[in-house]
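In: here's my sequence, what's the structure:
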Amino acid sequence: MSEESMKIQAPAVSSTSSGHQLIVLDRWLTHLPVLAKCNIFNGHNLLLWERTIKAAMKPRNLLHLLTEDRPDENHPDFQRWTMEEEFVFGWMLDSLSSEQITRYTSYATSKALWQAIHRNHSKKNDKTKIITLIVQSYTLMQGDMDVLTYSNKLRDIHNELDHCRPPSSDPVARAHEATNRLCQFLNGLRPEFELIRSQLYNREDEPSYDEAESKVMQEESHLNSVKGAIETKAYITKGHQQKGDQEKTNKEDIFCNYCKKRGHTKEKCWKLHGKPPHIARAHLA
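Out: Sure thing, here's the model as predicted:
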């Protein structure tokens, strides 16, 4: 199948006998995806919400609704634009939490809604926010988190920082920023990763963030395997020790009424019944 045939087609336009255009909507528009709960805009996840909205609209050729004004009624695309706008506007309202819907229902178009949310919640060029994120990126420590959780949390800070302060176009500056983020990730790891951290720092070619993350996760898996084996061995040893202590305790609690000694009962008293054959043979040998 060619690339052209794989592209999502725009709604078909046909003409009726009276000369009016008839818009035939396909599933590409009427079946816009239902956003996951984590992607619903709640006032604090603007970056994630914007990316989700664009990711759904771009392959459907609908991004123009977020930037273009409504065409004139005499424009040949007016009817199609109106149909697209009705579906997309309703879908965008469904992507808002109940508190946000109450705040933004007064807007009439997808473009107006998009711009209002971005204007009210965007932190672009917010110096206080930028400084806060930079401090968080340098002070975040792994602590009790596993490597993936820790790395994802650091990536979230970096993504939000890129949203507030777009990355530099200078390749040298971008390389320095990549090195800084790699160091932030490695420096925040627990002491148990000191060996792999030293290996990554001492490499002749600087690893990418993704490569370093993968290496550290492999080391984490190895350490967990070793730790599990040690804990299993300790558990078995402790079980044998407890069993021996229990047997010793049980023997001390047993009393023979015949010879008046502890450690056995009258039924197993050698003084009364003689030594067992295997023990007697051992003494003879």
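In: any idea which element the nearest residue to residue 167 once chain neighbours are set aside lies in?
Out: Nearest residue to residue 167, sequence neighbours excluded (Cβ to Cβ, 6 or more residues apart in numbering): residue 174, at 6.2 Å. Any C-beta I mention is one placed from the backbone N, CA and C, and that applies to glycine too. Following DSSP states H and E, the helix or strand that holds residue 174 is helix 171-187.
In: what mean pLDDT does that helix have?
Out: Over the span of helix 171-187, the pLDDT mean works out to 93.
In: run the chain-centre distance for stretch 58-68.
Out: 29 Å (Cα atoms, centre = their mean, to the nearest Å).
In: quick check on residue 47: phi, psi?
Out: phi -60, psi -50 (degrees, to the nearest 10).
In: neighbours around it, how many?
Out: When counting by other Cβ atoms under 10 Å, one arrives at 17 neighbours for residue 47.
In: ok, residue 65 next?
Out: 20.
In: again with residue 121
Out: There are 16 residues near residue 121, going by other Cβ under 10 Å.
In: quick one, what contacts it?
Out: 43, 46 (Cβ atoms under 8 Å, 6 or more residues apart in numbering).
In: just for the stretch 101-250 of the chain, where's the confidence low?
Out: Residues of the stretch 101-250 of the chain meeting the criterion pLDDT under 70: 228-250.
In: please enumerate the helices of it.
Out: Using DSSP state H, counting those that start in this stretch, the helices found in the stretch 101-250 of the chain span residues 110-121, 127-139, 147-164, 171-187, 194-201, 209-253.
In: okay, buried residues for the first one please.
Out: Residues of helix 110-121 classed as buried: 110, 111, 113, 114, 117, 121 (neighbour count, 16 or more other Cβ atoms under 10 Å).
In: residue 155: which of the residues you listed is nearest?
Out: residue 121 (20.6 Å; Cβ to Cβ).
In: what's the domain layout of this protein?
Out: 3-121, 127-226, 254-285 (automatic domain parsing).
In: so for the last one, mean pLDDT?
Out: This points to domain 254-285. Here the average pLDDT along domain 254-285 is 69.
In: and the buried residues of helix 110-121 as a markdown table, adding distance to residue 255?
Out: Output for the buried residues of helix 110-121, formatted as a markdown table (distance: Cβ to Cβ, whole Å):
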| residue | distance to residue 255 |
| --- | --- |
| 110 | 90 |
| 111 | 94 |
| 113 | 88 |
| 114 | 88 |
| 117 | 84 |
| 121 | 81 |
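In: residues touching residue 212, list them.
Out: Here residue 212 is in contact with 182, 185, 186, 200 (Cβ under 8 Å, 6+ apart).
In: picking that back up, got the contact list for the helix holding residue 174?
Out: 137-138, 140, 151, 154, 158, 167-168, 197, 200-201, 206-209, 212-213, 216.
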